[in-house]
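Q: Below are the sequence and a predicted model; questions follow.
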Amino acid sequence: MTTRHEDRGLRSRLRDVPGVRAASSYRREWLVKDLVAGVVLTTLLVPQGMAYAELAGLPAITGLYTTILCLLAYAVFGPSRILVLGPDSSLGPMIAATVLPLVAAGGDPARAVALGSMLAIMVAAVMILASVAKLGFIADLISKPTMIGYMNGLALTILIGQLPKLLGFKVEADSLIGEAVGFVRGLA
């Protein structure tokens, strides 16, 4: 049996969880708009998450589960009601570069999912440690031209990698230039 003091301590700790704090000040008139926003967001993010999962070398269903579970977790633990959270195109190639060489020998999708999951847990642990150590300022040290160059290079890599699929043919290549040459040959 808990004492009143312990009960108050538990309630104050629960109020520190952002989702609980938002729910306690939630207004009934927001419900319809929030439901519409949730449906629209899910409609947009589910196909995007499935495509990024395939881009990372994982089964598409992985993207479905990841997108929905992450949205639900963010609803509880996220610090903002208006921040949109979803899959990121820059993660797909990074996950693929990490996981695919380990899976390539067996080609087992279950192993790819297990390795991708372990990678997510490891990244989460590093991010939590970085947060505790207050290392967020390091991201500000990356120059804007470097970030823009990275994002443009990534967009080009994704575009060249996905265009053959869009047009109905395959390109077997190990590099960006090889994929570009294969794409031009496929068009010809």
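A: Right, received. Where do you want to start? It should be emphasised that the depicted structure is a prediction, and the values quoted were computed from it without experimental measurement.
Q: you'd agree Leu58 is up against Ala112?
A: Yes - between Leu58 and Ala112 there is a contact under CB atoms under 8 Å: 5.3 Å. Heads up, the C-betas are built off the backbone N, CA and C, glycines and all.
Q: anything in contact with each of these two?
A: Each of Val99 lies in contact with both Leu58 and Ala112 under the rule CB atoms under 8 Å, 6 or more residues apart in numbering.
Q: for Asn154, helix, strand, or coil?
A: I think there's a mix-up here, since residue 154 is Leu and not Asn. helix (DSSP: H, G, I helix; E, B strand; the rest coil).
Q: Can you tell me the number of residues neighbouring it?
A: Using other CB atoms under 10 Å, Leu154 has 17 other residues around it.
Q: Okay, it and Gly38: tell me how far apart.
A: Leu154 is 29 Å from Gly38, where distance means CB to CB, to the nearest Å.
Q: With Ala75 instead?
A: Using CB to CB, Ala75 is found at 9 Å from Gly38.
Q: do the same with Val76
A: Distance, Val76 to Gly38, using CB to CB: 14 Å.
Q: With Gly92 instead?
A: Gly92 sits 24 Å away from Gly38, going by CB to CB.
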